[in-house]
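Enquirer: I need the structure of the sequence given here:
(one chain, ligands or ions: 1)
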Amino acid sequence: MAIAATISLPITSPTRRHVSLLRPSSSSTTTQCILATPQRTLKYPNSRIVASSSSMSIDAPVKTSTFSFLDRKESGFLHFAKYHGLGNDFVLIDNRDSSEPKITAEKAVQLCDRNFGVGADGVIFVLPGINGTDYTMRIFNSDGSEPEMCGNGVRCFAKFVSQLENLHGRHSFTVHTGAGLIVPEIVEDGNVRVDMGEPILKSSDVPTTLPANKDGAVVKAELDVDEVTWNVTCVSMGNPHCITFSNKESQNLVVDELKLAEIGPKFENHKVFPARTNTEFVQILSNSHLKMRVWERGAGATLACGTGACATVVAAVLEGRAGRNCTVDLPGGPLQIEWREEDNHIYMTGSADLVFYGSLPL
Ligand SMILES: N[C@@H](CCC[C@H](N)C(=O)O)C(=O)O
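Expert: Next comes the predicted model:
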């Protein structure tokens, strides 16, 4: 069976850049890719390069527009776009014609594989809206589990929908998610500002079995992981987060020094988190500036986590470590987070960028 993938990169000039590769796979099937990138300088920017194990040739310029790519409907193929929000990357699938995701969780795991697939932290589906919303968002983590929400993902979702629907200028829409109603808005500079709703603090709803305070929240509770006692605050943004700023050895973590790959899984799978957890390790830089590294449930160390940044600011406020308006620096870049007192909602603002379009046989 032939394996074919077509990937094309949008750029701002009217002529699109493409590199096309034809090479036999290990089972002597064919893989075809069309690749281009707005960041990379290609040697032959307007040419089509065809390469195989035995030959490489350069064709005439290819003029596929982004819209014609998104309009592709050939059956038997999965057309997708890859986006990232601060390096937290996703395969986006136009699923507006059906309420059932076009691919299974198992297929999503294959797509997310960085060596044998497209490579991503998750796969996101744009489904028809329910409960009066414009759209529904569902997501599979790279391990195939399905989380309730994804903050960077919903910014990518908003940019993808804008392209699919050919929307321009400032606009917003309503999105049904496992965490309830989420409202992303594309603002003037192209960033996406998202009304992420209210944080959930009640311990049984996070969920965690850690001891709660008189308000039912877990704030600065002690948790033993890897023979160290950590102080943790637990917040759900629809999905569970465990946030730590300190442990018995350090009152303000130096996050670059942490061995994330060693301790991350121990938090994720700790028995006090019945639904597993995302974990944010946070360093306070000032009252309005935080630095965070994340170990994500179902995805491991990622370059950014939007729900995690929101949960972090809530935790910082609850612990009296920062104000309600913060810049959160993640390995992939900054997010602006506001936990607004008036409506108790959290507002997240950040970028979301297209990487390339692609097609795969189903
Ligand atoms: N990276 C995401 C969160 C994705 C879901 C998470 N791994 C979970 O299982 O809860 C974000 O930006 O919020």
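
Enquirer: The stretch 251-362 of the chain: helices as residue ranges?
Expert: Secondary structure of the stretch 251-362 of the chain by DSSP state H, counting those that start in this stretch: the helices cover 260-268, 306-318.

Enquirer: again, but for the stretch 101-250 of the chain
Expert: So, for the stretch 101-250 of the chain - with DSSP H, counting those that start in this stretch - the helices run 105-112, 151-164.

Enquirer: Compare those helices and give me the one nearest Ile186.
Expert: In terms of Cβ to Cβ, the element of the helices of the stretch 101-250 of the chain nearest to Ile186 is helix 151-164, at 5.8 Å. C-betas here are computed from N, CA, C, even on glycine.

Enquirer: domain assignment for the chain?
Expert: When the chain is parsed with automatic domain parsing, its domains come out as 1-64, 82-197+352-362, 203-344.

Enquirer: And Ala217, how far from the ligand?
Expert: 19 Å (Cβ to the nearest ligand atom, to the nearest Å).

Enquirer: Looking at that residue now. What's its pLDDT?
Expert: pLDDT, the model's per-residue confidence, is 98 for Ala217.

Enquirer: now the closest residue to it other than its chain neighbours: how far from Thr349?
Expert: Using Cβ to Cβ, 6 or more residues apart in numbering and skipping the chain neighbours, the partner closest in space to Ala217 is Leu201 (4.0 Å). The span separating Leu201 from Thr349 equals 23 Å under the rule Cβ to Cβ, to the nearest Å.

Enquirer: neighbour count winner among these two?
Expert: Leu201 (21 against 17; other Cβ atoms under 10 Å).

Enquirer: Is stretch 78-86 in proximity to the ligand?
Expert: No - counting by Cβ under 6 Å from any ligand atom, no contacts exist between stretch 78-86 and the ligand, the nearest distance being 6.6 Å.

Enquirer: the bottom helix or strand of the chain by mean pLDDT?
Expert: In the chain, the helix or strand scored least confidently by mean pLDDT, DSSP states H and E is strand 19-24, which has a mean of 26.

Enquirer: re the thing from before, for Gly85, find the nearest of the helices of the stretch 101-250 of the chain.
Expert: Using Cβ to Cβ as the criterion, the shortest distance between Gly85 and these is 3.1 Å, found for helix 151-164.

Enquirer: any idea how far the residue nearest to Ala217 lies from Ser236?
Expert: Counting by Cβ to Cβ, the separation of Leu201 from Ser236 is 8 Å.

Enquirer: shouldn't Leu362 be in contact with Phe77?
Expert: Yes - under the criterion of Cβ atoms under 8 Å, Leu362 lies in contact with Phe77, with a separation of 6.5 Å.

Enquirer: So between these two, which is more surrounded?
Expert: Set side by side, Leu362 and Phe77 show unequal neighbour counts under other Cβ under 10 Å, the larger going to Phe77 at 16 against 10.

Enquirer: Please name the nearest non-neighbouring residue to Glu222.
Expert: Computed as Cβ to Cβ, 6+ apart, the closest residue to Glu222 that is not its neighbour in sequence is Thr229, at 5.3 Å.

Enquirer: wait, what's in contact with the one you found?
Expert: Applying Cβ atoms under 8 Å, 6 or more residues apart in numbering to Thr229 gives the contacts 222-223, 247-248.

Enquirer: Then Lys220?
Expert: With contacts taken as Cβ under 8 Å, 6+ apart, Lys220 has the following neighbours: 231-233, 319.

Enquirer: quick one: which of the helices of the stretch 251-362 of the chain is nearest the ligand?
Expert: helix 306-318 (3.4 Å; Cβ to the nearest ligand atom).

Enquirer: Please see if the closest one touches the ligand.
Expert: Yes - taking Cβ under 6 Å from any ligand atom as the criterion, helix 306-318 and the ligand are in contact, through 306-308.

Enquirer: residue ranges of the strands in the stretch 51-200 of the chain, please?
Expert: Taking DSSP state E, counting those that start in this stretch to define them, one finds strands in the stretch 51-200 of the chain at 56-59, 77-85, 88-94, 122-128, 135-141, 171-172, 175-177, 180-186, 192-195.

Enquirer: For the second one, name the packing helices and strands.
Expert: Counting contacts by 3 or more Cβ pairs under 8 Å, 6 or more residues apart in numbering; DSSP states H and E, the secondary-structure elements packed against strand 77-85 are helix 66-70, strand 88-94, helix 151-164, strand 353-361.

Enquirer: now the ones you listed as TSV including distance to Phe273 and mean pLDDT?
Expert: Formatted as TSV, the entries for these read as follows, by distance: least, Cβ to Cβ, whole Å; pLDDT from 0 to 100:
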stretch	distance to Phe273	mean pLDDT
helix 66-70	39	64
strand 88-94	21	98
helix 151-164	19	97
strand 353-361	32	94
